[in-house]
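S.K.: Need a 3D model of the following:
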Amino acid sequence: MCRLMVWVFLCFAVTGLYLSRLVVAGDVTCSGIVPMRQRSEVISITDFGGVGDGKTLNTKAFRAAIYRIQHLSRRGGTLLYIPPGVYVTESFNLTSHMTLYLSKDAVIRATQDTDSWPLIAPLPSYGRGRERPGGRYMSFIHADGVHDVIITGENGTIDGQGEVWWNMWRQRTLQFTRPNLIELINSRSIIISNVIFKDSPFWNIHPVYCRNVVVQFVTILAPFDSPNTDGIDPGDSSSNVCIEDSYISTGDDLVAVKSGWDEYGIAYGRPSSGITIRRITGSSPFSGIAVGSETSGGVQNVFAEHINLFNMGVGIHLKTNIGRGGVIRNITVSNVYMEKVRLGIKIAGDVGDHPDDNFNTNALPVVKDVVIRDVWGLDVQRPGSIQGLKNSPFTGICLSKINLHGEIKPGTSPWKCSDVSGAAIGVSPWPCSELTSPGRTGSCSSFI
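M.R.: Numbering: from 1, shown residues only. As a prediction, the model looks like this:
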């Protein structure tokens, strides 16, 4: 009887929380991409020996519970309930048709025993670990080839305890690439909502080779000096991904769309497409909304709007490099407010390192049809820099209604441009001549 009451409560709680968010927001939302399913069964981590005392290692409990969901599946799927408490565990894998539900004051905390961390193969579109050659440490919460997975709750916390990993990076004692907090590979129909992500060892949320993914109402936190703690890397060769209504404050890019690394990404040949980013607020010493720099599979049809950025390195950043190849096109960023930013807008063809010396120097990226409009900034040290490649100029770069205010250092030009063409309308300070010539407005007229 008690289990039935818990099940009924959770069904109403999940559905009510989800729907109330939509009603209160009253805005356009991507929630319809993936339905929020009511599970037919509820189990608790405590049923499998889980102890939330912040000391007991709960790896066996998590793995046993998920094994139960996978091998004794129920029609409609199963909800794994995490009650209040701090549950320390090693990394574990999710399975299809499950909801991981963190109650209020529930914490799933990663162990700091790095020696026990499993290794997995590098992603084929990267060819090696992002930081070190060879394999890489498995993400704290991992999934490969799953569908119909929900990670949600009442703003419980997933804590990566990343400092031990950050120190290994700083001391150059890493043997392999650090683990992401959550990584989903070759998966579909994923919802991540109403959870706090804290102190990831590396990137926080990383869907790769995925489709139909919704991330909303999440909070992602890491110190400003935490290395490479990207908030959400939504489109690493993924499609139909939506990120909205979230707060991110980390040590690296808040949101960065990627698609593979140099010759490995070119060979894998899977672009990121159909990426929507809206109503994001955050701060970082690096970029707010970014594309790249790993874009070798191509990035297309990215739409970001209603973004609020504070204490940023770069507000909007499209970045690639010689050897990347790939086509970056149809990128639209609009309705952005930024404050205390070092560089407002940067589009660059010389950013990012290489996996090895085998990259093809003739593999030049193509950047075209980029629209940035309705941007307002205060205390912006430098408005913009748009620098393409001599043998692959950036084309169709369209700026409209952009006002970036701040004290510019004496002797410094507010904009720096080269190897770029497009148009600018209503931009202050007035941008570089490459974007203002009357004969260059044709490709942008339909956008601005």
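
S.K.: name the element V333 belongs to?
M.R.: strand 327-348 (DSSP states H and E).

S.K.: Tell me where the stretch 251-400 of the chain has helices.
M.R.: Ranges of helices within the stretch 251-400 of the chain are 262-268, based on DSSP state H, counting those that start in this stretch.

S.K.: May I have the strands that pair with the strand holding V333, each with its orientation?
M.R.: Take DSSP bridges as the rule and strand 327-348 pairs in its sheet with strand 299-319 (parallel), strand 366-387 (parallel).

S.K.: Next, the buried residues of stretch 333-347.
M.R.: By neighbour count on 16 or more other CB atoms under 10 Å, the buried set for stretch 333-347 is 333-339, 341-347. Glycine gets a C-beta too; all of them are placed from N, C-alpha and C.

S.K.: quick one: average pLDDT of that stretch?
M.R.: In this model, stretch 333-347 has a mean pLDDT of 98.

S.K.: Over to stretch 181-193?
M.R.: 98.

S.K.: okay, that stretch in CSV with CA atoms only?
M.R.: These are the backbone C-alpha positions of stretch 181-193, laid out as CSV (Å, rounded to 0.1, in the frame of the first residue of the first chain):
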residue,chain,number,x,y,z
LEU,A,181,29.4,14.2,-15.4
ILE,A,182,26.7,12.8,-17.7
GLU,A,183,27.3,11.4,-21.2
LEU,A,184,24.8,9.8,-23.5
ILE,A,185,26.0,8.1,-26.6
ASN,A,186,23.9,6.8,-29.6
SER,A,187,20.7,7.5,-27.6
ARG,A,188,17.3,9.1,-28.3
SER,A,189,14.3,10.4,-26.5
ILE,A,190,16.1,11.9,-23.5
ILE,A,191,14.8,14.4,-20.9
ILE,A,192,17.1,16.0,-18.3
SER,A,193,15.2,18.5,-16.1
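
S.K.: How far away from the center of its chain is it?
M.R.: 11 Å (CA atoms, centre = their mean, to the nearest Å).

S.K.: Also stretch 279-290?
M.R.: Its chain's average C-alpha position is 11 Å from that of stretch 279-290, according to CA atoms, centre = their mean.

S.K.: Check stretch 284-294 too.
M.R.: Per CA atoms, centre = their mean, the centroid offset for stretch 284-294 relative to its chain is 10 Å.

S.K.: same question, stretch 343-351
M.R.: Chain-centre distance of stretch 343-351: 19 Å, with CA atoms, centre = their mean.

S.K.: Also stretch 27-34?
M.R.: For stretch 27-34, the distance to the chain centre is 18 Å (CA atoms, centre = their mean).

S.K.: mind listing what V208 touches?
M.R.: Contacts for V208 (CB atoms under 8 Å, 6 or more residues apart in numbering) come out as 123, 125, 183-185, 236-238.

S.K.: Most neighbours among those residues, please name it.
M.R.: Counting by other CB atoms under 10 Å, S238 has the largest number of neighbours within the contacts of V208, with 31 neighbours.

S.K.: give me the low-pLDDT residue ranges for the stretch 201-350 of the chain?
M.R.: For the stretch 201-350 of the chain, no stretch is flagged by pLDDT under 70.

S.K.: Name whatever forms a beta bridge with V366.
M.R.: V327.

S.K.: if I look at it, how far off is T332?
M.R.: Distance from V366 to T332, counting by CB to CB, to the nearest Å: 17 Å.

S.K.: would you turn the strands paired with strand 327-348 into JSON lines with mean neighbour count?
M.R.: Rendered in JSON lines, the data for the strands paired with strand 327-348 read as follows (neighbours: other CB atoms under 10 Å):
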{"stretch": "strand 299-319", "mean neighbour count": "23"}
{"stretch": "strand 366-387", "mean neighbour count": "22"}
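
S.K.: Indicate which one of the ones you listed is closest to Y67.
M.R.: strand 299-319 (37.5 Å; CB to CB).

S.K.: Return the alpha-carbon coordinates of the closest one using CSV.
M.R.: This file holds the C-alpha atoms of strand 299-319, laid out as CSV (Å, rounded to 0.1, in the frame of the first residue of the first chain):
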residue,chain,number,x,y,z
VAL,A,299,27.2,22.3,-37.6
GLN,A,300,24.0,23.6,-39.1
ASN,A,301,20.6,25.1,-38.1
VAL,A,302,21.5,26.4,-34.6
PHE,A,303,19.0,28.8,-33.1
ALA,A,304,19.7,30.6,-29.8
GLU,A,305,17.6,33.3,-28.2
HIS,A,306,16.9,35.2,-25.0
ILE,A,307,20.3,34.7,-23.5
ASN,A,308,21.6,36.7,-20.4
LEU,A,309,25.3,36.7,-19.8
PHE,A,310,27.3,38.2,-16.9
ASN,A,311,31.0,38.3,-16.1
MET,A,312,31.9,36.6,-19.3
GLY,A,313,35.1,36.1,-21.3
VAL,A,314,33.3,36.1,-24.7
GLY,A,315,29.6,36.5,-25.2
ILE,A,316,29.0,34.8,-28.5
HIS,A,317,31.8,32.7,-30.0
LEU,A,318,32.0,30.7,-33.2
LYS,A,319,35.4,29.0,-33.4
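
S.K.: which ones are touching the residue most central in space within the chain?
M.R.: In the chain, the centroid-proximal residue (CA atoms, centre = their mean) is I232; its distance is 1.5 Å. Contact analysis of I232 by CB under 8 Å, 6+ apart lists 204-205, 215, 220, 243, 246, 248, 254-256.

S.K.: Please state the backbone phi and psi of it?
M.R.: With angles defined as degrees, to the nearest 10, I232 sits at phi -130, psi 120.

S.K.: cool, T46 as well?
M.R.: phi -70, psi -20.
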